[in-house]
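> Fold the following, please.
(chains A, B, C and D)
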There are 2 protein chains.
Amino acid sequence: MTRRRSPSPDLQNTDLHDAVGMRLARHDYRYTNGRRRLVDVIAAAGQPVTLPDILVAAPELAPSSVYRNLDVLERSGVVDRIASGGDHAYFEFAEPLLSHHHHLICIDCGAIEDVRLGDDVEALVDRSLAEAASRAGFAPLRHSLDLRGYCSRCR
Amino acid sequence: MTRRRSPSPDLQNTDLHDAVGMRLARHDYRYTNGRRRLVDVIAAAGQPVTLPDILVAAPELAPSSVYRNLDVLERSGVVDRIASGGDHAYFEFAEPLLSHHHHLICIDCGAIEDVRLGDDVEALVDRSLAEAASRAGFAPLRHSLDLRGYCSRCR
DNA sequence: TTGTTGGTGAGACTCACTCTCATTACCATC
DNA sequence: GATGGTAATGAGAGTGAGTCTCACCAACAA
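As a prediction, the model looks like this:
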């Protein structure tokens, strides 16, 4: 399944760039051409991407700059890093730019696909995790719920 | 909180070794002294451990053998690898040897703590993930639910 | 004893990622 | 437009977690 998805259900590309620019500015980072290109690549992919994915889509970008800019975007809350356990980390837009969702992770090929669950499930999960966290003296920020198994190509 | 936990609520150490030995035998692996020592270290830790943790607890083990044997234990279903996103992977006993649970992951120091949720939450999560997976043609194996935030020491 | 098979451990190797540093782009002030 | 300060860039070196290789060892069967 290679269906494309816009980076957010209700953000046009100019709005996306505006939102990214504001987040960067809030952290005193500039929104340079290289960073704009990076955001375009992630948006066009429509799914979590690795560094090689990015370099294939935009060979003109220098790997060291992409690593550095992914770090900048992550610090600014634009992008989330997903540790899949495979060779490369995956990157996708962070929560406010992309609606809350979870991942189907293929343990064979490492592919990651997004899924969304019902509000009732999310609420129940949040409530019971909050209880468990408070018992452990843990200050919760966000939960991540992954389903590991075999994707349609590898099953 | 450094409370110790037995590797399973109802497994004594001899039972643990029996169970591990059976799983290894099922995959035609031997249960050697080095592997037994490794299982002892993971059991004694009572929480997910990294390779450096293991080498501190058992300096007589060769790093390359520990890596190899962790791989063998993972293939045999004795141990699960947790990709925390930090420098090192974490290892703990796999599901049948350790009851189903989830993780509180500190985004500051990387510490991982186990938590257990109610059966009703687990059932609801499983059901809605199964629905989402079947829509995507994905064959589910297991879900993992992590809560990221700050542990009691780092908050 | 001998052959076979699997395990061990030291160290070389791989490669994802980070760091360094000289250069360049941007922006504000003069 | 010139000047100076600061951030960003890109090429390449460096780092280090994890893997691979290979000579040797241990257990077992014939």
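
> Over to the most centrally placed residue in chain A. Which of the three states is it?
What sits nearest the mean C-alpha location of chain A, by Cα atoms, centre = their mean, is A:Glu92, with 2.2 Å. Recorded secondary structure, A:Glu92: strand (DSSP: H, G, I helix; E, B strand; the rest coil).

> Break chain A down into its domains, please.
Under automatic domain parsing, the residue ranges defining each domain of chain A are A:1-95, A:100-155.

> The longest strand seen in chain A near chain B anywhere?
In chain A, assigned by DSSP state E, the strand with the most residues is strand A:139-150. Yes: counting by Cβ under 8 Å from any Cβ of the partner chain, chain B has neighbours in strand A:139-150: A:Ala139, A:Pro140, A:Leu141, A:Arg142, A:His143, A:Ser144, A:Leu145, A:Asp146, A:Leu147, A:Arg148, A:Gly149, A:Tyr150. Just so you know, the C-beta spots here come from the backbone N, C-alpha and C atoms, and that holds for glycine as well.

> isn't the residue nearest to the centre of chain A right next to A:Val49, touching?
Yes: using Cβ atoms under 8 Å, A:Glu92 is in contact with A:Val49, at 7.2 Å.

> Need the residues that contact stretch A:71-83.
By Cβ atoms under 8 Å, 6 or more residues apart in numbering or on different chains, the residues outside stretch A:71-83 that reach it are A:20, A:23-24, A:26-27, A:29, A:35, A:38-39, A:42, A:48, A:70, A:89-97, A:103, A:112, B:83-85.

> ok now do A:Val49, which residues does it touch?
Counting by Cβ under 8 Å, 6+ apart, A:Val49 makes contact with A:Val41, A:Ile42, A:Ala57, A:Tyr90, A:Phe91, A:Glu92.

> Look up the closest residue to the fifth one, ignoring the ones flanking it.
Leaving aside its chain neighbours, A:Phe91 sits nearest to A:Val79 (5.2 Å; criterion: Cβ to Cβ, 6 or more residues apart in numbering or on different chains).

> gap between the two ends of stretch A:79-96?
Counting by Cα to Cα, to the nearest Å, you get 10 Å between the two ends of stretch A:79-96.

> what's downstream of the helix or strand that contains A:Ile54, the next helix or strand?
Element membership of A:Ile54 [criterion: DSSP states H and E] is helix A:51-57. As assigned by DSSP H and E, the chain's next helix or strand after helix A:51-57 is helix A:63-75.

> Quickly check: that following helix near DNA strand D or not.
Yes: residues of helix A:63-75 are located near DNA strand D by Cβ under 7 Å from any atom of the strand, namely A:Ser64, A:Ser65, A:Arg68, A:Asn69, A:Val72.

> For those, which ChimeraX command selects only the ones that are buried?
Selecting only the buried entries of those in ChimeraX, with 16 or more other Cβ atoms under 10 Å in any protein chain shown as the criterion:
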select /A:69,72
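
> top helix in chain A by residue count?
For chain A, the helix with the greatest residue count under DSSP state H is helix A:119-135.
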